[in-house]
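S.K.: here you go, sequence then predicted model.
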Amino acid sequence: MERRVIWAIVLMMAVAIVPTFFLESPKKPAASAVRPGARAPRDSGTTVPADSSAPVPPPGVAGTPSTEALEAPGSPVDSVVISSPLYRYVLSTRGAALVQGSLLKYRTLGPDGRGDPVRLIPDGGRLHQLALTAGRDTVSLADWDFVASTTAVEVKGSESVTLTAARGGVAVEISYQFEPGDYQIGIRGRVTGLGPAGGHLLIAMGDGMRQTEADSSGNWYEYGIVNKTTESKLTKFSKLTARETVTLGGPFEWAAVKSKYFVAALLAIDSGAAQISGVTATALPNQKPVRRVATTFGMPVDGTGRFGYHLYVGPMEYPRLRAIGHDFYDINPYGWPGFRTMIRPIAVGARWLLVWMHQNLHMAYGMVLVAFGIMIRILLWPLNQKGMRASIRMQALQPEMQRLQEQHKNDPQRMQQEVMQLYRREGVNPMSGCWPVLLPWPILLALFFVLANTIELRGQPFLWLPDLSQKDPLHIIPVLMGVSMFGVSKVGMIGVPPTPQTKMMLYMMPVMMTVLFVNFASGLNLYYFVQNVVSVPQQWYLAKERMKSRPPEPPAPAKKSKK
């Protein structure tokens, strides 16, 4: 029985650890995916989407221009400021792109601007910078001077800003639509002068987001591109090498550039509208590891010259992402590929309950995790009780099982039949003793992802812990978790005959779990610590039952008297 429990623990740990080492990263397309003869771009080096059923843009896409080129002497650059209770966006009339995106509900945790509202666009960067292609000609709008319909908008209802420009027989009109309670930006536009065949719209999404987190390494690691066809796929920046170009062939319902907690996405989900034809990403030079990747999305424009889609520039709040539909919530991964179907329902439920308790019971998230740990242990108490009592009954059957094994040691099949008959006669399920170990693990795995990816827990302190979503800098809570695990195991083994397996579980497992959890979110260690402490009374109560039901030891053989 002890072997079964040990193997159950080992398998659950394997489920938790192995995927982080062996899951394949998104495959990079073969060189043939890029159309032969495609020219390198002038600035960013991005190639053009290929292998798509939708039209693809021609080569030679102009990248995002430098700040000096955008602010050339003699050409005034104006800004349009759009503000609401949620955000503050800034549009530049030079190129009609977003040059600033501040999220007023969230504060920067990193050293650069700590405490200020989160700004997603790096200084000097541009988001949603457009270029047009027709045939083999490419027209970048980055240096066009647009005329804006207004210079400032306070978004109280549905508001729009329209920018227009014309040059060399080509006219462009772009309308940005804003809502006060939504991070989505509606984009509608029209291009005239491209000809009856239409063309292609190339949308440069910058080279990543501004660093906003205290754990900069962890945030850099999460930088990547996510695209959606039948399922979402993530291409992490850190998997690329400097100057490497990756081409992702569409069509895509949506595509996005993300950090750990924030995202800038293009959503082509309107019924009947054109979808994203492809994505190209080129890692900037002189990086190791890669942290900046110039990204361009492609979208076809028909003969009417009209185009339309949405931008989402904001936080990865699960309810907002889910409300958009089309699996947009999958940008925020609750589980590894292949395990999400099993883990996500528990993770979503746990996230909802944690946030609900914080908002409605006005509890700090640290206390929420404490209460959550106690509540889960109480809910699992009856099942744990049943499983542990089954283990006690199994222990009581050990003498009879040993007798059967000795009696039929030369006939393994008969021995197995006799043992199974013994189980049925006594009403014992040999696997029921594993439930106390296995039941908490799905919730623990779900909380691993909730605490690591849920933006509501970002930057939430508790006692000496500066951030429940990050590791304990003093390593106190992982040690407490390991000590409490040892205590639970010690109490739970009262009355259990000592074996090499039980000794290994008692001493090795707490050490292994402490080492494993030392760099995990401190909130996860806090939850597991509470679970262990709360389970001690139940273990003690059942240990007393075990001692009462323990079969009497056979009398020691009498010593022979010396004559």
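M.R.: On my side now, so go ahead.
S.K.: tell me the mean pLDDT over the helix or strand where residue 533 lies?
M.R.: Assigned by DSSP states H and E, residue 533 belongs to helix 522-549. For helix 522-549, mean pLDDT is 81.
S.K.: what's the answer for stretch 139-150, then?
M.R.: If you average the pLDDT over stretch 139-150, you get 91.
S.K.: and the end-to-end length of that stretch?
M.R.: 25 Å (CA to CA, to the nearest Å).
S.K.: can you check stretch 132-141 too?
M.R.: By CA to CA, one end of stretch 132-141 lies 8 Å from the other end.
S.K.: how about it: buried residues?
M.R.: 132-134, 138-141 (16 or more other CB atoms under 10 Å). C-betas here are computed from N, CA, C, even on glycine.
S.K.: now swap in stretch 80-96 and tell me
M.R.: 80, 82-84, 86-96.
S.K.: of the residues you listed, which pair is most distant in space?
M.R.: 86 and 94 (25.8 Å; CB to CB).
S.K.: count of residues packed around residue 264?
M.R.: By other CB atoms under 10 Å, the residues close to residue 264 number 24.
S.K.: I figured it hits residue 125, correct?
M.R.: No. Taking contacts as CB atoms under 8 Å, residue 264 lies outside contact range of residue 125: 10.7 Å.
S.K.: shared neighbours, those two?
M.R.: Both residue 264 and residue 125 are in contact with residue 206, where contact means CB atoms under 8 Å, 6 or more residues apart in numbering.
S.K.: helix, strand or coil for residue 334?
M.R.: With DSSP: H, G, I helix; E, B strand; the rest coil as the basis, the three-state label of residue 334 is coil.
S.K.: near it, how many other residues are there?
M.R.: Using other CB under 10 Å, residue 334 has 25 neighbouring residues.
S.K.: how about the helices in the protein?
M.R.: Listed in chain order, the helices of the chain (DSSP state H) span 2-22, 67-70, 216-222, 318-324, 340-361, 365-396, 398-407, 412-426, 435-438, 440-453, 476-492, 500-517, 522-549.
S.K.: let me have those in a markdown table, extended by mean neighbour count and distance to residue 168.
M.R.: Listed next are these as a markdown table, based on neighbours: other CB atoms under 10 Å; distance: least, CB to CB, whole Å:
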| stretch | mean neighbour count | distance to residue 168 |
| --- | --- | --- |
| helix 2-22 | 13 | 53 |
| helix 67-70 | 14 | 18 |
| helix 216-222 | 16 | 41 |
| helix 318-324 | 16 | 38 |
| helix 340-361 | 16 | 50 |
| helix 365-396 | 18 | 57 |
| helix 398-407 | 13 | 90 |
| helix 412-426 | 13 | 86 |
| helix 435-438 | 19 | 69 |
| helix 440-453 | 22 | 47 |
| helix 476-492 | 20 | 64 |
| helix 500-517 | 15 | 62 |
| helix 522-549 | 20 | 58 |
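S.K.: among the ones you listed, which gets the worst mean confidence?
M.R.: For those, mean pLDDT drops lowest on helix 67-70, to a mean of 36.
S.K.: confidence score at the nearest residue in space to residue 99 that is not next to it in sequence?
M.R.: The spatially closest residue to residue 99, leaving aside those adjacent along the chain, is residue 92, at 4.7 Å (CB to CB, 6 or more residues apart in numbering). Residue 92 carries a pLDDT value of 93.
S.K.: from residue 279, how far off is the spatially most central residue of the chain?
M.R.: For the chain, the residue sitting closest to the mean C-alpha position, by CA atoms, centre = their mean, is residue 333 at 3.3 Å. Distance of residue 333 to residue 279, computed by CB to CB, to the nearest Å: 19 Å.
S.K.: off-centre distance for stretch 209-219?
M.R.: 15 Å (CA atoms, centre = their mean, to the nearest Å).
S.K.: what's in contact with that stretch?
M.R.: By CB under 8 Å, 6+ apart, stretch 209-219 touches 108-110, 112, 118-123, 125, 220, 223, 257-262, 264, 459, 466-467, 470.
S.K.: of these, keep whichever come out buried.
M.R.: 108-109, 118-121, 125, 220, 223, 257-262, 264, 459, 466-467, 470.
S.K.: among those, name the ones in strands.
M.R.: The strands, defined by DSSP state E, take in 118-119, 257-258, 262, 264 from the buried ones among the contacts of stretch 209-219.
S.K.: closest to residue 422 among those residues?
M.R.: Distances from residue 422 to those, taken as CB to CB, are shortest for residue 258 (57.1 Å).
S.K.: doesn't residue 316 make contact with the closest one?
M.R.: Yes. Look at residue 258 against residue 316 with CB under 8 Å: they come within range, at 7.3 Å.
S.K.: identify the contacts common to the two.
M.R.: Common neighbours of residue 258 and residue 316 are listed as residue 331 (criterion: CB under 8 Å, 6+ apart).
S.K.: give the contact list for residue 318.
M.R.: With CB under 8 Å, 6+ apart, residue 318 has these contacts: 329, 332, 348, 351, 454.
S.K.: go with 6 Å
M.R.: For residue 318, the contact set (CB atoms under 6 Å, 6 or more residues apart in numbering) comprises residue 329.
S.K.: look up how far residue 452 lies from it.
M.R.: For residue 318, the distance to residue 452 - CB to CB - is 13 Å.
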